[in-house]
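Peer 1: Any chance you can model this:
(chains A and B)
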Amino acid sequence: MKRHLVTGLNALAVFAVLVGLWQGLVWISGIPAYVLPGPLEVAKAISARHTALLVSLLTSTSSAAGGLALSVVAGVGIALVFAQWPWLRRMLYPYTILLQTVPIIAITPLIILWMGSGTWPVTVVTFIICLAPIIASTTQGLISADQNLIDLFLMHKASAAQVLFKLRLPHAMPNMFAGIRISAGIAVIGAITGEWFAGSSRVGQGGLGYSIMYASSQLQTAYLFALVIAATVLGFSFFFLVMLVEWYFLHDWHESKRAPEAE
Amino acid sequence: MSEAIPEIALRGAGKRFRSGAPVLENITLTIEKGEFVSVVGPSGCGKSTLLRLIAGLTPLTSGEIAVNGMTPVNARELMSFIFQDATLLPWRDVERNVGLGLELEWATRAVRAQKVGEMLALVGLSPVAKLYPRQLSGGMKMRVSIARALATRPRILLMDEPFAALDEMTRDRMNEELLRLQQEHGWTVVFVTHSVTEAVFLSARIVILAPHPGHIRDVVHVNLEGYRTDNMRTSGTFEDEVSRVSRILRGAQSA
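Peer 2: As a prediction, the model looks like this:
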């Protein structure tokens, strides 16, 4: 416990020093605030426009969370189908790689063209970029169950569904969570990319992506910094939340979650 | 009930891989109900494949196998398979691992709880019922595996080097317990091992396989009288039997 506290305090100290250096640099160099605002400017921008900032943050959060949730459901579902029918996997798996390699920036305008603006296309863009890592890692976990365990299930006349849900799926949980963790990180990037193109037509109503574009076009650099901080915090929170859920499901049995003191 | 049906009968059983390479050839062997038969042989002689054939986990390519007069796949509910590693589900605690077979066979919760309780008591694991596999020693894991295999009340145990990964003391103790349980319950056991000492200690008959391709080199009757105990291990007769079987096995290896 005490060690955690010391680690936390050290991190805070590093943060304070960096912020101090940044403010010092701005003061000494005389760089104009629209090029590089100091931390004080950024803090002022946050307090002055905290409502708009919060709305943007919440808009992005709901799109990113919605897209991520959909991709978990669809990705695990597709992986289950791939595990059950290997011929389907061989036929379709290459396309999931395609899903990952297609530049999202390029297809986002298409999606908006088809779906119009608003939060739905943003959710869809997030969904698309989150999907591939979840399919890939979950499939990997599902198909790598130990042959002896499969034989054991067969000796007890297990049905295909029993093998899938009582053996393959629990076995794949660590892989699945590794995929979701990757997707949680990029979900926020997906939402911001989507909003960049489709956020909203009205100021203050768009998500972080829209507001970033707007602030940068207006040279509101201090607010731009505030938005970047908000986006970073959001991405980190997603990642952390998934870690928490992962811990909840795996800590009883999985080696990766064994506390070092327990040895 | 017909006395004529042997528990396990192999007639000219053979197995080739898809590549065409033969693994086992012309295996003819009859195992009676309640018999304890060990299978020994150099590695690569198809010991495990033989066991998997009896279990119906891999298809025959020639000959036939009947388990209680049925095909292996149809006779699965009479059999339990015990693997070399304990093959426990790491996400289930001991209790739920032992109950796995019953669960897969749709036993009710009440039946499951009762059987699991009995089995845990039988192998002396009641105090660790709530622990997870990673918290258990190798010997305890193997006990869980055995308890799981016994929970569905099999008549036949197919054991693939079940104690190979254990230290010698644990292995000796597990051997005695297995023998005691087998004699109490009258199971038919086919036991694959690479340890001649273990085979001699446990079995009434030892099947010696030779490789390239796997075939039966010899079937040896173990001449040991009466109930086998730890003391017996140091007796002269026991050592004589071990060296007799070892000699035959060496012959199989050089062939």
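
Peer 1: Spell out which residues of the stretch 151-255 of chain B are next to chain A.
Peer 2: residue B:152 (Cβ under 8 Å from any Cβ of the partner chain). C-beta coordinates here come from the backbone N, C-alpha and C atoms, glycine included.

Peer 1: Pick out the residue of the stretch 151-255 of chain B closest to chain A.
Peer 2: Taking Cβ to the nearest Cβ, chain A has its nearest neighbour within the stretch 151-255 of chain B at residue B:152, 6.8 Å off.

Peer 1: so which strand or helix has the residue nearest to the spatial centre of chain A?
Peer 2: Geometric centre of chain A, nearest residue: residue A:184, 2.2 Å, by Cα atoms, centre = their mean. Using DSSP states H and E, residue A:184 falls within helix A:169-198.

Peer 1: Whether that helix contacts chain B - can you check?
Peer 2: Yes - Helix A:169-198 reaches chain B (Cβ under 8 Å from any Cβ) through A:170-171, A:173.

Peer 1: That helix: which residues count as buried?
Peer 2: Neighbour counts over helix A:169-198 (16 or more other Cβ atoms under 10 Å in any protein chain shown) mark A:169-198 as buried.

Peer 1: what helix or strand is the residue in the stretch 1-150 of chain A that chain B sits nearest to on?
Peer 2: Per Cβ to the nearest Cβ, residue A:148 is where the stretch 1-150 of chain A lies closest to chain B, at 4.8 Å. Assigned by DSSP H and E, residue A:148 belongs to helix A:147-155.

Peer 1: In that helix, which residues are buried?
Peer 2: Buried, per 16+ other Cβ under 10 Å, within helix A:147-155: A:148-155.

Peer 1: So which bits of the stretch 1-150 of chain B are right by chain A?
Peer 2: So far as Cβ under 8 Å from any Cβ goes, the stretch 1-150 of chain B lies against chain A at B:52, B:55, B:57, B:76-77, B:79-81, B:83, B:85, B:87, B:89-93, B:100-101, B:103-105, B:132-134.

Peer 1: Sitting in strands, which of the residues you listed do you find?
Peer 2: Among those, the members found in strands (DSSP state E) are B:79-81.

Peer 1: Tell me the one among those residues nearest to chain A.
Peer 2: residue B:81 (5.0 Å).

Peer 1: what's the burial count for that closest one?
Peer 2: 26 (other Cβ atoms under 10 Å in any protein chain shown).

Peer 1: which residues does it contact?
Peer 2: A:151-152, A:155, B:51, B:55, B:57, B:149, B:158-160 (Cβ atoms under 8 Å, 6 or more residues apart in numbering or on different chains).

Peer 1: cool, residue B:188 as well?
Peer 2: Per Cβ under 8 Å, 6+ apart, neighbours of residue B:188: B:7-8, B:31-36, B:155-157.

Peer 1: where exactly do the helices run in the stretch 1-150 of chain B?
Peer 2: B:47-55, B:94-98, B:100-104, B:109-122, B:138-151 (DSSP state H, counting those that start in this stretch).

Peer 1: what's the second one packed up against?
Peer 2: The reference is to helix B:94-98. helix B:109-122, helix B:138-151 (3 or more Cβ pairs under 8 Å, 6 or more residues apart in numbering or on different chains; DSSP states H and E).

Peer 1: picking that back up, export the ones in strands among the residues of the stretch 1-150 of chain B next to chain A to TSV and tack on pLDDT?
Peer 2: Below are these laid out as TSV (pLDDT from 0 to 100):
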residue	pLDDT
B:79	92
B:80	92
B:81	92
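
Peer 1: closest to residue A:111 among these?
Peer 2: Nearest to residue A:111 among those is residue B:81, at 52.2 Å by Cβ to Cβ.

Peer 1: Quick check: nearest residue in space to residue B:148, chain neighbours excluded?
Peer 2: Nearest non-adjacent residue to residue B:148, counting by Cβ to Cβ, 6 or more residues apart in numbering or on different chains: residue B:98, 4.9 Å away.

Peer 1: Tell me, how many residues neighbour the one you found?
Peer 2: 30.

Peer 1: Ok, residue A:238 next?
Peer 2: When neighbours are defined as other Cβ under 10 Å, residue A:238 has 22 of them.

Peer 1: wait, what's in contact with it?
Peer 2: A:64-65, A:68, A:184-185, A:187-188.

Peer 1: Can you tell me the SS state at it?
Peer 2: Secondary structure, DSSP: H, G, I helix; E, B strand; the rest coil: residue A:238 is helix.

Peer 1: now it: how far from chain B?
Peer 2: Distance from residue A:238 to chain B, counting by Cβ to the nearest Cβ, to the nearest Å: 25 Å.

Peer 1: how much space is there between that residue and residue B:47?
Peer 2: 52 Å (Cβ to Cβ, to the nearest Å).

Peer 1: Residue B:102 now?
Peer 2: Applying Cβ to Cβ to residue B:102 and residue B:47 gives a distance of 29 Å.

Peer 1: Kindly report the same for residue B:243.
Peer 2: Counting by Cβ to Cβ, the gap from residue B:243 to residue B:47 is 21 Å.

Peer 1: Tell me which of these two has more neighbours.
Peer 2: Neighbour count, other Cβ under 10 Å: between residue B:243 and residue B:47, residue B:47 has more, with 24 against 11.

Peer 1: Leaving out sequence neighbours, find the closest residue to that one.
Peer 2: Using Cβ to Cβ, 6+ apart, the closest residue to residue B:47 is residue B:192 (4.6 Å).

Peer 1: I'd assumed residue B:163 was in contact with that neighbour.
Peer 2: No - the pair residue B:192 / residue B:163 is not scored as a contact, 10.9 Å apart, by Cβ atoms under 8 Å.

Peer 1: and residue 160, how many neighbours?
Peer 2: Assuming you mean chain A. 9.

Peer 1: The chain in question should be chain B.
Peer 2: Neighbours of residue B:160 (other Cβ under 10 Å): 22.

Peer 1: What's the biggest helix in chain A, counting residues?
Peer 2: helix A:50-84 (DSSP state H).

Peer 1: you'd agree residue B:215 is in a strand?
Peer 2: Yes - counting by three-state DSSP, one finds residue B:215 located in a strand.

Peer 1: how many neighbours does it have?
Peer 2: Counted with other Cβ under 10 Å, residue B:215 comes out at 20.

Peer 1: Chain neighbours aside, what residue packs nearest to it?
Peer 2: Using Cβ to Cβ, 6+ apart, the nearest residue to residue B:215 is residue B:25, at 5.1 Å.

Peer 1: What sits closest to the closest residue to chain B within chain A if chain neighbours are left out?
Peer 2: Nearest residue of chain A to chain B, counting by Cβ to the nearest Cβ: residue A:156, 4.0 Å away. Using Cβ to Cβ, 6+ apart and skipping residues adjacent in sequence, the residue nearest residue A:156 is residue B:104, 4.0 Å away.
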